[in-house]
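J.: sequence first, then the predicted structure:
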Amino acid sequence: MSAAPIHLAGERLMLDPAGALFWPVRRALVVADLHLEKGSASARGGSLLPPLDTRETLERLALLVRRYAPEVLIALGDSFHDVGGASRLAAADADRLGMIVRGRRMVWVLGNHDPEPAGNLPGEHVDEYADGKLVFRHEAKRGAMGEISGHFHPKARVPARAAEISRPCFVADARRVLMPAFGAYTGGLDVKDVAIARLFPRGGRTFLLGRERLFSFPLSDVRYER
Amino acid sequence: MTGTFQEPFAGWFAARGWTPRPHQKAMLDAAHAGEHALLIAPTGGGKTLAGFLPSLMDLHAQPREGLHTLYVSPLKALGVDVARNLTAPVAEMALPITIETRSGDTPANRRARQREKPPQILLTTPESLALLVSQPDAGVLFGGLARVVVDEVHALAGTKRGDQLALCLARLATLAPAARRVGLSATVAHPAALLAWVGCGEAVRLVEERDGPPPALSIMLPEGELKWGGHMGLESVPGILARIRDARMTIVFVNTRAQAELIFQALWKLNSDTLPIGLHHGSLDVAARRKVEAAMAAGKLRAVVATSSLDLGIDWGDVDQVIQVGAPKGVSRLLQRVGRANHRMDETSSALLVPANRFEVLECAAAMEGVAAGELDGDAPRPGGLDVLAQHILGVACGGPFLPDDLFAEVTRCQPYAGLSRRDFDDVLGFVENGGYALHAYDQYRKLFRDAEGRVHVMSERVARQHRMNIGTIVEAPLLKVRLGAHGPVLGEVEEYFVNFLTAGDTFLFAGRLLRFLRVREATVEAADGGTGEPAVPAYAGGRLPLTTNLAKRVRAMLQAPREWEHYPEPVREWLRLQRGVSRLPGPGDLLVETFPRGDRWFLVAYCFEGRNAHQTLGMLLTRRMQRFGLAPLGFVATDYVLAVWSANQPVDVAQLFAQEMLGDDLEEWMAESSMLRRTFRNVAVIAGLIQRHHPGVEKNRKQVTVNSDLIYDVLRKHQPDHILLRATRADAAGGLTDISRIGGMLERIHGRVVHMALSRVSPLAVPVLLEIGRESVRGAEDEDFLLAEAETLVAEAMGRAEPPPFRPRVDTRKLPARQGDLFARRATRR
């Protein structure tokens, strides 16, 4: 698996094909939109989806943590699908989370799905996290510089032969990076949607997640779509 | 009592100048003897009347209230048609019988009244029956049922709709053990399977009406050169129009909806006589289809261009000519279509086959031989879907509590589930109850519970309501309505996937009109009349039918019989002679593989003749194998006859490539990744009730959590690979796509008999498949990452950032982006 380097506000960052971002200088690993316990949330509405998404998401995270051995682990918001999510964690999953977090600093940035800090989780809860020239928040703010955020679950559709391939992706320009959603059950919003497109008025690049590497395409200049 | 007709029936027949047909009498005999029956007869032979006469006679002899006969057919319109046809004799003979239809279209108040005060004869669909069975009063409604008539049973058995219907029939057999079942069918290859299906564990009398003389088939070639590839057949349109002029009413059958639109368009361009020609396919608005059907029945149309949407029962009126454009793909289908022209049984029906390219000429000739030999084709029955069973179990629970042992016994009575294991049944039941997840059972949100006696109950009325809203086994790709302007009439539906390619101002062809795409608003495509320029044509994932095994065998045999070639048109003879001179012809028992270089790449063309689906699968397996052999494969394309793979390195040791071990680890790995399995899982998940049906644009209930089925599939596969839904998916894929076993059979057959022709250039026989490259959608190609890499490189080249390699896949210049280097802004044109 090979990560792709980009530069933001003078800092070198590595984009990992698993959908995470690594800042070598600070040994910080960043993931966004875990939406843990989305499966169990669905059961309330009558859809008995497999409650296995939390385990899967945490296992993927554990793999990344083993690879990068970060000092700081940042979750960029919507880490739980709803306010009661953390309390629904199965014992095995809570243990898994504990092991991932052990020996490093865990930062939970709050999101719109999980606006309240959950009492039973290890780590600190913040509205945003700043370090040097970079700022980490859940949802992008207009006019920000050196910003890394999530919230939008960006995905890009690429025409290939006569078919179309859709993948979650990073979106980046000189000022900011938008992260793909990391959760096992998370869907995506097309990068051409106005909500994302207006964050990149002068265009940018998308990095689609692949099995072994990322695939990069230019983001079209201002093409709003409903 | 024999099947003689008493008054008023004898008189009614006499007044019409009809003589009761042998099969009508035989059906009466069966009814009097208290037997179930299956009637196999070509269409137009008084089949429906044969199915109903026993009911009419019984009700005349012993009038009674309550539901007497239930009629089930796959099409709502068919039920409407039959109701209309039955009302005539009932009225004319003044029989005390009420006849009503019931389907999704029936208004709520009439549905409620039908349950309270049912008609004696009710005509309905499998879905509506499933709904009735799920009501607590089902026992009362069906308690006095005497007969169940299933029409077009050949079109239902073997499908998921048929599975659901079979389960409902088993339920009815429990609720009304005295009711007799009757199946009405067209001619089929496997009557034994149908007998078992109708029988539901009991004996069935077979009543067969012999076919009339075999139809007269002929082939019509286009004026001018016969093409090497392509399937649309547009070059033959002038000839088709001439034939339409010479006949009273013609049905022009095509294989795909896109083809229907194109041929319809092309006919009208030449239609200076303004002959009334209609269009009919499954994605047109229902009202438009009804209009065309009514016009046909009234004799107001001279021709209809149609897909298989016109295949089932509707009265065709005075059709006296059937034209099949493109290869017929199977003998049974062709016969069923042809048999319906010229309703009068004694006249020989005829049909014209119009091949679109040289290979299709052979296919048409093979079909003609198959018809002459009376060789029908068709798939062997497959086990019933576990997802359908899940839906049914929930439906039964909604109707009332049951004991699992009893339900298992009931369900295994019907043919699709006769082989169901108790373990599978218990796992399906467990899934319906609480999801069936080993690690975390949803106790709080369970849908079923068990009482102290072990009876299973539905948890709440809310669960029952949700079930009834989601009954059905037809799962479609997300569809968007197409409307003229913001408030104009709805023309039909297209798949969401097609709309993604359109930008404002693009022209597309639909419902026989040239339209200009305006916008998508609230899940509706708004379009205006009068697009200009080369139009795109909506294609549908339902796509192309594969060749049947028998036809493929015939075509292969034909290639190896030069003596027969004098029957083929000259361009085809020339083509085959050239092939023999340059390479050789595929033999009946070997596998011919040609390799040749072309523009710095190497091509491998294998003449397998196993049908497109099998070749797609084979392509995936073969390219993985070639990868391991260091041949650096780059892509492949499959047709019904051949598989073509292109690679960077020269293929050597070809015989080794086609070894049976391909079906070992390679296959497992591929099956695990396969998007075909994902699609199957999505369908299974929807039918089983795990995922709600996709309703594009409908305001999602905020409490509902929607998850893409692919994501669920991946998670289940990894953490609970033996979950019942995954087992259901694998069973579906293995059963529905017999291509794995076809490949296995082929590899075994050709072991040691691979003939490798190393050529210096493309052979004549390989040209058609090479023409498919670039034209073919390779949605079937599994390696998406490979495609992404290619797309990434193309964009980089286009932007001048990378050097192009010596060989490039053919790029349709109409598909290049409006602005260089910006694939997101590409103008969409599609063939």
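T.: Cool, the structure landed.

J.: what stretches of chain A score poorly on pLDDT?
T.: Per-residue confidence for chain A (pLDDT under 70) gives these ranges: A:160-163, A:220-226.

J.: past the helix or strand of chain B with the lowest mean pLDDT, which element shows up next along the chain?
T.: The helix or strand of chain B with the poorest confidence is helix B:665-673; it has a mean of 65 (mean pLDDT, DSSP states H and E). Using DSSP states H and E, the helix or strand that follows helix B:665-673 towards the C-terminus is helix B:675-688.

J.: show me which positions of that next one end up buried.
T.: B:676-688 (16 or more other Cβ atoms under 10 Å in any protein chain shown). Any C-beta I mention is one placed from the backbone N, CA and C, and that applies to glycine too.

J.: helices or strands next to the helix or strand where B:R730 lies in the packing?
T.: Here B:R730 sits within helix B:724-736, counting by DSSP H and E. Here helix B:724-736 touches helix B:386-399, helix B:422-434, helix B:675-688, helix B:709-719, going by 3 or more Cβ pairs under 8 Å, 6 or more residues apart in numbering or on different chains; DSSP states H and E.

J.: C-alpha coordinates for that helix, PDB please?
T.: Provided in PDB are the C-alpha atoms of helix B:724-736 (Å, rounded to 0.1, in the frame of the first residue of the first chain):
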ATOM      1  CA  ILE B 724     -27.800 -16.900   5.500                       C
ATOM      2  CA  LEU B 725     -27.900 -14.000   3.200                       C
ATOM      3  CA  LEU B 726     -24.500 -14.700   1.800                       C
ATOM      4  CA  ARG B 727     -25.400 -18.300   1.400                       C
ATOM      5  CA  ALA B 728     -28.500 -17.200  -0.500                       C
ATOM      6  CA  THR B 729     -26.300 -14.900  -2.600                       C
ATOM      7  CA  ARG B 730     -23.900 -17.700  -3.600                       C
ATOM      8  CA  ALA B 731     -26.700 -20.000  -4.300                       C
ATOM      9  CA  ASP B 732     -28.400 -17.400  -6.500                       C
ATOM     10  CA  ALA B 733     -25.200 -16.700  -8.400                       C
ATOM     11  CA  ALA B 734     -24.300 -20.300  -8.900                       C
ATOM     12  CA  GLY B 735     -27.800 -21.200 -10.000                       C
ATOM     13  CA  GLY B 736     -28.800 -18.200 -12.000                       C
END
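
J.: which residues does that helix contact?
T.: Applying Cβ atoms under 8 Å, 6 or more residues apart in numbering or on different chains, the contact partners of helix B:724-736 are B:382-383, B:385-387, B:390, B:424, B:427-428, B:430-431, B:436, B:671, B:674, B:676-677, B:680-681, B:683-685, B:688, B:690, B:713, B:716-717, B:720, B:740.

J.: apart from its chain neighbours, what residue comes closest to whatever residue of the stretch 1-150 of chain B ends up closest to chain A?
T.: Using Cβ to the nearest Cβ, the closest approach of the stretch 1-150 of chain B to chain A is made by B:S134 at 16.2 Å. The shortest distance from B:S134 to any non-neighbouring residue, by Cβ to Cβ, 6 or more residues apart in numbering or on different chains, is to B:G395 (3.8 Å).

J.: residues contacting the one you found?
T.: By Cβ under 8 Å, 6+ apart, the neighbours of B:G395 are B:130, B:133-134, B:467, B:471.

J.: returning to what we had before: for the residue of the stretch 1-150 of chain B closest to chain A, what are its contacts?
T.: B:394-396, B:398-399, B:464, B:467-468, B:471.

J.: can you give me the distance of it to B:R468?
T.: 6 Å (Cβ to Cβ, to the nearest Å).

J.: I appreciate the help and will end here.
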